[in-house]
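Peer 1: 3D model of this:
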Amino acid sequence: METRKIQQVSNGTFTVSLPRDWADGEGITTGTVVGLHTHIDGVLVIQPPECEDESSIQMTVQAGDDGYLEQTLRAAYAAGSNEVVIEANGSFDSDQRQTIRRVARNLVGVTITEESEAHVTVRNALDANEVSIRQSVRQLQFVAVSMHRDATAALTGDAPIDGFGDRDDRADRLFAMVDRHFTRGLDRLDEVDALGETRTELFRLYTAARELERIADHAEQIASVASAVDESLGQPLADEIETVSRIVRDAVESAVYVAFAGEDSKTTRDIFETRDRVCEQLNDIERRVFDGNDSDYRFAHALHSLRRTAEHAGNIAEVGLRTAVRRKAVDEHPPDTCENEPLSDIGDTASSSSPVGTGNSEDDRGGSAVTD
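Peer 2: Prediction:
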């Protein structure tokens, strides 16, 4: 980076000279008209003329390339491409067409605009001005927590799992949309402006969304164990696991609040403490489940997912703590804590101190997410 001194001409206008190498490389000479863009994070961008959004890609697929085709379409969406032109080596078979339609259906804003025997054009029709990343993360939190609640209820009792696959797909769609706009925000400042977020805020929201998507995956793992195992955990253990799972969900909701607010260091400490005690409690439960009996080994997978969910809650809270540090909003002296405080009370404390989803935070902007 180099620096330039601001000058002032006779009419009071401020001027600054442009680097000659950059101007020559962009074909800028005396009289060239350039674009000036100011952004919400305080950045002024000088844009050369005829600078276009090069977000269209082309690909050719062979017969049997269904897996590669799906991965490429998803990668293009995540990378921020607005258009993917797919050419067949010959003509598309039925599996390839089904793959393209399924991927387009499962990505927010994606539609097929042109289709022939050997040519398909897939476009993203969703404008960033129509998207609220914050509300999308809120919706992802709701989906992930509801999946976790139903999965653990099925694991510890006889509760049915209804519509679980649809909610998992919705969680994937929400995260993919956040991932896409975060990536575009890294490359294009006009995307940042359209979303109404600074790049720092976008990173914070993306990180929280990534952890929530993983929590949804762990809920899916717990549900799969509940569906596959006929053996019962027994009432005392089942009640204990249900209590722990409730505490974990409270910690997740509190962590999202902290990630949005970036100021509540007291709640952050509670979440970290809850995470550590939950992990210790789950280790103890696992020893008792498998101590001296023939319990189904798949219960270990469910307990591992519960443990990982608590750790993801801690990761989300850390996002808020980093923001608090950057804002210098961390308490100098932590409050006294009770070492012997019951595990369930810690979860209740973390939850009650965090008005999740109320929209009262100064950092919680309005708007509605576009999900389908």
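Peer 1: all contacts plus neighbour counts: C-alpha atoms, from now on.
Peer 2: Fine.
Peer 1: any low-confidence regions in the stretch 1-150 of the chain?
Peer 2: 50-54 (pLDDT under 70).
Peer 1: buried stuff in stretch 36-47?
Peer 2: His39 (16 or more other Cα atoms under 10 Å).
Peer 1: For this structure, which residue occupies the most central location?
Peer 2: Closest to where the C-alpha atoms of the chain average out (Cα atoms, centre = their mean) is Ala209, at 2.1 Å.
Peer 1: residues contacting it?
Peer 2: Val137, Leu140, Gln141, Phe175, Val178 (Cα atoms under 8 Å, 6 or more residues apart in numbering).
Peer 1: mind putting those residues in a markdown table, distance to Arg20 and secondary structure included?
Peer 2: As requested, these are exported to a markdown table (distance: Cα to Cα, whole Å; DSSP: H, G, I helix; E, B strand; the rest coil):
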| residue | distance to Arg20 | secondary structure |
| --- | --- | --- |
| Val137 | 44 | helix |
| Leu140 | 48 | helix |
| Gln141 | 50 | helix |
| Phe175 | 43 | helix |
| Val178 | 38 | helix |
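Peer 1: What is the nearest of these to Ala259?
Peer 2: Nearest to Ala259 among the contacts of Ala209 is Val137, at 10.7 Å by Cα to Cα.
Peer 1: ok, the closest one touching Ala208?
Peer 2: Yes. Between Val137 and Ala208 there is a contact under Cα atoms under 8 Å: 7.5 Å.
Peer 1: where exactly do the helices run in the stretch 1-150 of the chain?
Peer 2: 20-25, 66-79, 94-105, 133-156 (DSSP state H, counting those that start in this stretch).
Peer 1: For the shortest one, which outside residues touch it?
Peer 2: Outside helix 20-25, the residues within contact range by Cα under 8 Å, 6+ apart are Thr29.
Peer 1: Glu318: which element?
Peer 2: According to DSSP states H and E, Glu318 maps onto helix 298-326.
Peer 1: Buried deepest among the helices of the stretch 1-150 of the chain, which one?
Peer 2: Greatest average neighbour count among the helices of the stretch 1-150 of the chain goes to helix 133-156 (a mean of 23), per mean count of other Cα atoms under 10 Å.
Peer 1: tilt between it and helix 298-326?
Peer 2: 150 degrees (axes from the mean of the first three to the mean of the last three Cα atoms, to 10 degrees).
Peer 1: now for helix 133-156, which elements pack on it?
Peer 2: helix 164-187, helix 199-228, helix 235-261 (3 or more Cα pairs under 8 Å, 6 or more residues apart in numbering; DSSP states H and E).
Peer 1: what angle sits between the second one and helix 298-326?
Peer 2: Calculated by the same axes, to 10 degrees, helix 199-228 forms an angle of 170 degrees with helix 298-326.
Peer 1: Same check on the last one?
Peer 2: Relative orientation of helix 235-261 with respect to helix 298-326: 20 degrees, computed using the same axes, to 10 degrees.
Peer 1: circling back to that earlier point, counting contacts, what elements does the helix holding Glu318 pack onto?
Peer 2: If you count contacts as 3+ Cα pairs under 8 Å, 6+ apart, helix 298-326 packs onto helix 199-228, helix 235-261, helix 265-290.
Peer 1: Including distance to Asp95 and mean pLDDT, could those helices go into CSV?
Peer 2: Converted to CSV, the helices and strands packed on helix 298-326 look like this (distance: least, Cα to Cα, whole Å; pLDDT from 0 to 100):
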stretch, distance to Asp95, mean pLDDT
helix 199-228, 27, 93
helix 235-261, 40, 91
helix 265-290, 44, 89
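Peer 1: Redo those as CSV? Include distance to Ala159.
Peer 2: Listed next are the helices and strands packed on helix 298-326 as CSV, based on distance: least, Cα to Cα, whole Å:
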stretch, distance to Ala159
helix 199-228, 10
helix 235-261, 12
helix 265-290, 21
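Peer 1: Out of those, which gets nearest to Thr13?
Peer 2: Nearest to Thr13, of the helices and strands packed on helix 298-326 and by Cα to Cα, is helix 199-228 at 29.6 Å.
Peer 1: and the closest one, how far from the chain's centre?
Peer 2: Chain-centre distance of helix 199-228: 8 Å, with Cα atoms, centre = their mean, to the nearest Å.
Peer 1: again with stretch 260-267
Peer 2: With Cα atoms, centre = their mean, you get 19 Å for stretch 260-267.
Peer 1: quick one: terminal-to-terminal distance for that stretch?
Peer 2: End-to-end distance for stretch 260-267, by Cα to Cα, to the nearest Å: 13 Å.
Peer 1: Which positions within that stretch qualify as buried?
Peer 2: Applying 16+ other Cα under 10 Å to stretch 260-267 flags Phe260, Ala261, Gly262, Glu263, Asp264, Ser265, Thr267 as buried.
Peer 1: wait, what's in contact with Ala144?
Peer 2: Per Cα under 8 Å, 6+ apart, neighbours of Ala144: Ala171, Leu212, Glu213, Ile215, Ala216, Ala219.
Peer 1: Next, find the distance separating the fifth one from Pro49.
Peer 2: So the one you mean is Ala216. Look at Ala216 and Pro49: by Cα to Cα, they are 45 Å apart.
Peer 1: pretty sure Ala151 is touching Glu220, no?
Peer 2: Yes. Taking contacts as Cα under 8 Å, Ala151 lies within contact range of Glu220: 7.2 Å.
Peer 1: just to revisit the earlier point, and the angle for the helix holding Glu318 with helix 265-290?
Peer 2: 170 degrees.
Peer 1: gap between helix 298-326 and the chain center?
Peer 2: Per Cα atoms, centre = their mean, the centroid offset for helix 298-326 relative to its chain is 14 Å.
Peer 1: Check stretch 250-259 too.
Peer 2: Mean-position distance between stretch 250-259 and its chain equals 14 Å (Cα atoms, centre = their mean).
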